[in-house]
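*Asks:* Pasting the sequence and the predicted model now:
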Amino acid sequence: MTKTFYITTPIYYPSGKLHIGSAYTTIACDVLARYKRMMNYDVFYLTGLDEHGQKIQQRAEEAGITPQEYVDSMAVGVKDLWQLLDISYDKFIRTTDDYHEKVVAQVFERLLEKGDIYLGEYSGWYSVSDEEFFTESQLAEVYRDEEGNVIGGVAPSGHEVELVSEESYFFKLSNYADRLTAFYKEHPEFIQPDGRMNEMLKNFIEPGLEDLAVSRTTFTWGVKVPSDPKHVVYVWIDALINYITALGYGQNEHGNFDLFWQNDKNHEIIHMIGKDILRFHSIYWPIILMALDLPLPTRLVAHGWFVMKDGKMSKSKGNVIYPEMLVERFGLDPLRYYLMRSLPVGSDGTFTPEDYLARINYELANDLGNLLNRTVAMINKYFDGQVPAYIENVTDYDADLAKVVAENIEEFHKQMNAVDFPRALDAVWNIISRTNKYIDETAPWVLAKEDGDEEQLRAVMAHLAASLRVVAHLIQPFMMSTSNAIMEQLGLPVVFDLENLELSGFPENVTVISKGTPIFPRLDMDEEIAYIQSQMNAGKPQEKEWNPEEVELKSEKDQIKFEDFDKVEIRVAEVKEVEKVEGSDKLLRFRLDAGDGEDRQILSGIAKFYPNEQELVGKKLQVVANLKPRKMMKKYVSQGMILSAEHDGKLTVLTVDPSVPNGSVIG
Ligand code: MSP
């Protein structure tokens, strides 16, 4: 009977360089995928990129390239990073892949036909950074004008929100609320860590699921709704569906999809996600699957965040840690080990350079590295490199060592299945510590003396080698090179049998290498801490050095020279036409005659103050005529700026007497 295991990372937004947060999730999934492969599961490991949406469109605009060019270039960097981190994914999906886009469009149409999706009008807050809708009461902070109207705010993530008012399709989530609640009840293990399920029930499901806006019209970078192409599918709907399109759903279902999209005792589907995106995965995604009559995943594993001592990582704070730097300086295995050992299940963990180096020096170089060095050196010294055959119960300590090893192998499997990496590694380090202690207890240098005990010495060497073989097996999914190096130094083939792992499984007639090399060098803590800190600061926007001349200038900063003013060309321009800009509640589009032969187009953010905009036609206004043209709302070029006076929170355009000819210079 084939056992299958389907494991996925979230698909990341390629909106910037990925830091150790995304590296954490991707390594965590890699560790699980490697573990399950070693346990003889048929594994499919999926990762990829979430390439549509307003945020990506904006990033591309800032970079002055098309969104497709932007995501293509980012995808190269991300794939390079996963190669550097030795990620064994089976597929890398990009939501701009053709097959994915086609199926997303089909799914949307199908849900429309079924009546799960209907057309409406959305008005509310949107965080572009989170690509998430919020009601006013969900905002962490709101900004108000003098009259108390909400004019902006901040999402719980700390990102600013903007007001969105647009035609939108909605998903009737409430149709599925009862089924979702019933599913939760039948599968209390669906969300890890425990407690989060209750949070979802209390905060979102029990108060009544609100219908979800599932399309946008104010930008274009997404999958177009075939029957109504001015709408693009909301990026989260597009993104979640990746988990099935990657397997062939809607294309060729008789391959990976049939095999891996099953949820029963022999088939597991696990989505590994960060705690911030649990709502999407625990509510919207199951409901989409229900609407498509598909099985639900086995488990959602929601991990906490890596934060820094001074809070979230951010470029401006100069506290971002990029994985490349750590790998280049210290190698890959310490990074994989540190990330997996340091983030407790479900909670946040703090990354500090001190901890990073302490774990390398104490746990890797001392505890594990020295154990290997000493073992290989002693077997060379006492037995010319030949590992004595394993025998039980010769010294007083053999039985206890064997017991600790057996118990911790079991514990390791238990914790790996619970997706608790720190505890799984604790189990391995229990074996390592017990084995180090065993050396002190048995004192092989005493047994090797003339009046010592050769039989006991044989037993001790056999136990040490056997224990290291066990350790090499258990750390293989985490630290591949270290594990392979241990096997090689012990003189074993680099082949693993994790399912039948036992201390007594050490083969006969093995010769260790004649001279072992340290697997982890000891590092100078102070020097390396300073190095990591300097690298963190390298990404920080530089603060200017103090400069007395500049201080003087600053005190005069509200004053400009006449030449500066003279550069601005302000002219009289007559409004020929004006209209509201579709998709924006702020902008009006003007056609004006500024006396320079051709009419010019200007977009101005004054719509709110002129609800009856036609009153402006025929008026003579003041415009900045030599402003560099700007592209706005993706398709309009604005050739100048209309001057207005700001008063009482309002804007009023500056008019000129009708007798003044168009194009007259103001100054
Ligand atoms: N594109 C969506 C996911 C769609 S999945 C169908 C997204 N992308 S993201 O790039 O913003 O975030 C991806 C993941 O990185 C999330 O799970 C998030 O929790 C995680 N992390 C972001 N910063 C992190 C840390 N500092 N530490 C750990 N994980 C962090 O959301």
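*Replies:* Received, thanks. Everything numeric in this text was worked out from a predicted model, so none of it was measured.
*Asks:* Tell me the pLDDT of whichever residue of the stretch 201-350 of the chain sits closest to the ligand.
*Replies:* Closest contact between the stretch 201-350 of the chain and the ligand, by CB to the nearest ligand atom, is at Gly274 (1.7 Å). Backbone N, C-alpha and C define where each C-beta goes, glycine included. In this model, Gly274 is scored at 96, pLDDT.
*Asks:* Ok, Glu552 next?
*Replies:* The predicted local confidence for Glu552 is 33.
*Asks:* Equivalent analysis for Lys561, please.
*Replies:* At Lys561, pLDDT is 74.
*Asks:* Run a quick neighbour tally on it.
*Replies:* Burial measure for Lys561: 8 neighbouring residues, criterion other CB atoms under 10 Å.
*Asks:* For it, list the residues it contacts.
*Replies:* By CB atoms under 8 Å, 6 or more residues apart in numbering, the contact list for Lys561 is empty.
*Asks:* what's the answer for Glu574, then?
*Replies:* Leu592, Asp593, Gly618, Lys619, Lys620, Leu621, Asn662.
*Asks:* and it, what are its phi and psi?
*Replies:* With angles defined as degrees, to the nearest 10, Glu574 sits at phi -100, psi 140.
*Asks:* start at 14 instead
*Replies:* Fine by me, first position is 14 from now on; the one you just mentioned is Glu587.
*Asks:* That one and Thr668: what is the separation?
*Replies:* Going from Glu587 to Thr668 by CB to CB, to the nearest Å gives 10 Å.
*Asks:* chain center to stretch 93-105, what's the gap?
*Replies:* Taking CA atoms, centre = their mean, to the nearest Å, the mean C-alpha location of stretch 93-105 is offset from the chain mean by 15 Å.
*Asks:* In the stretch 414-563 of the chain, which residue sits closest to the ligand?
*Replies:* Counting by CB to the nearest ligand atom, the stretch 414-563 of the chain gets nearest the ligand through Phe434, at 13.4 Å.
*Asks:* burial count for the residue of the stretch 214-363 of the chain closest to the ligand?
*Replies:* 17.
*Asks:* Equivalent analysis for the one 3 residues further on, please.
*Replies:* If you count neighbours by other CB under 10 Å, Ile290 ends up with 18.
*Asks:* So it versus Ala252, what's the distance?
*Replies:* 10 Å.
*Asks:* Repeat that for Lys127.
*Replies:* On the measure of CB to CB, Lys127 and Ala252 end up 21 Å apart.
*Asks:* Which residues are in contact with Phe293?
*Replies:* So Phe293 contacts Trp249, Leu253 (CB under 8 Å, 6+ apart).
*Asks:* Check which element follows the helix or strand encompassing Lys198 along the chain.
*Replies:* Per DSSP states H and E: Lys198 is located in helix 190-199. Per DSSP H and E, the first helix or strand lying C-terminal to helix 190-199 is strand 204-205.
*Asks:* Check whether that following strand comes into contact with the ligand.
*Replies:* No - applying CB under 6 Å from any ligand atom, one finds strand 204-205 separated from the ligand by no less than 14.0 Å.
*Asks:* so what strands line up beside that strand?
*Replies:* strand 312-316 (parallel) (DSSP bridges).
*Asks:* near the ligand at all, the helix or strand that the partner strand is followed by?
*Replies:* Under the assignment DSSP H and E, the closest C-terminal helix or strand after strand 312-316 is strand 319-320. Yes - Strand 319-320 is in contact with the ligand by CB under 6 Å from any ligand atom, via Phe319.
*Asks:* How about whichever helix or strand comes after strand 319-320, which residues are buried there?
*Replies:* Under the assignment DSSP H and E, the closest C-terminal helix or strand after strand 319-320 is helix 336-343. By neighbour count on 16 or more other CB atoms under 10 Å, the buried set for helix 336-343 is Pro336, Glu337, Met338, Leu339, Val340, Phe343.
*Asks:* Over to stretch 112-119?
*Replies:* His113, Glu114, Val116, Val117, Ala118, Gln119.
*Asks:* quick one: which of the residues you listed is nearest to Ala259?
*Replies:* His113 (7.6 Å; CB to CB).
*Asks:* hang on, the earlier thing: now do the buried residues in the helix holding Lys198.
*Replies:* Buried-residue list, helix 190-199, by 16+ other CB under 10 Å: Ala190, Leu193, Tyr197.
*Asks:* returning to that earlier point: who are the neighbours in contact with the residue of the stretch 214-363 of the chain closest to the ligand?
*Replies:* Contacts of Gly287 by CB under 8 Å, 6+ apart are Pro23, Gly34, Thr38, Ala315, His316, Gly317, Trp318.
*Asks:* how about Ala402, phi and psi?
*Replies:* phi -60, psi 150.
*Asks:* Correct me if wrong: it contacts Val523.
*Replies:* No - counting by CB atoms under 8 Å, Ala402 sits too far from Val523 to count as a contact (9.5 Å).
*Asks:* more crowded one of the two?
*Replies:* Val523 (18 against 13).
*Asks:* Tell me the pLDDT of the more buried one.
*Replies:* 98.
*Asks:* related to what we said a few turns ago, can I get the buried residues of stretch 112-119 in JSON lines including distance to Ser547, pLDDT and secondary structure?
*Replies:* Output for these, formatted as JSON lines (distance: CB to CB, whole Å; pLDDT from 0 to 100; DSSP: H, G, I helix; E, B strand; the rest coil):
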{"residue": "His113", "distance to Ser547": "41", "pLDDT": "98", "secondary structure": "helix"}
{"residue": "Glu114", "distance to Ser547": "44", "pLDDT": "98", "secondary structure": "helix"}
{"residue": "Val116", "distance to Ser547": "47", "pLDDT": "98", "secondary structure": "helix"}
{"residue": "Val117", "distance to Ser547": "44", "pLDDT": "98", "secondary structure": "helix"}
{"residue": "Ala118", "distance to Ser547": "49", "pLDDT": "98", "secondary structure": "helix"}
{"residue": "Gln119", "distance to Ser547": "52", "pLDDT": "98", "secondary structure": "helix"}
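*Asks:* Can you pull the residues of the chain lying near the ligand?
*Replies:* 23-26, 34-35, 37-38, 63, 252-253, 255, 286-287, 289-290, 318-319, 326.
*Asks:* Any of the residues you listed buried? List them.
*Replies:* Using 16+ other CB under 10 Å, the buried ones in the residues of the chain next to the ligand are 23-26, 34-35, 37-38, 63, 252-253, 255, 286-287, 290, 318-319, 326.
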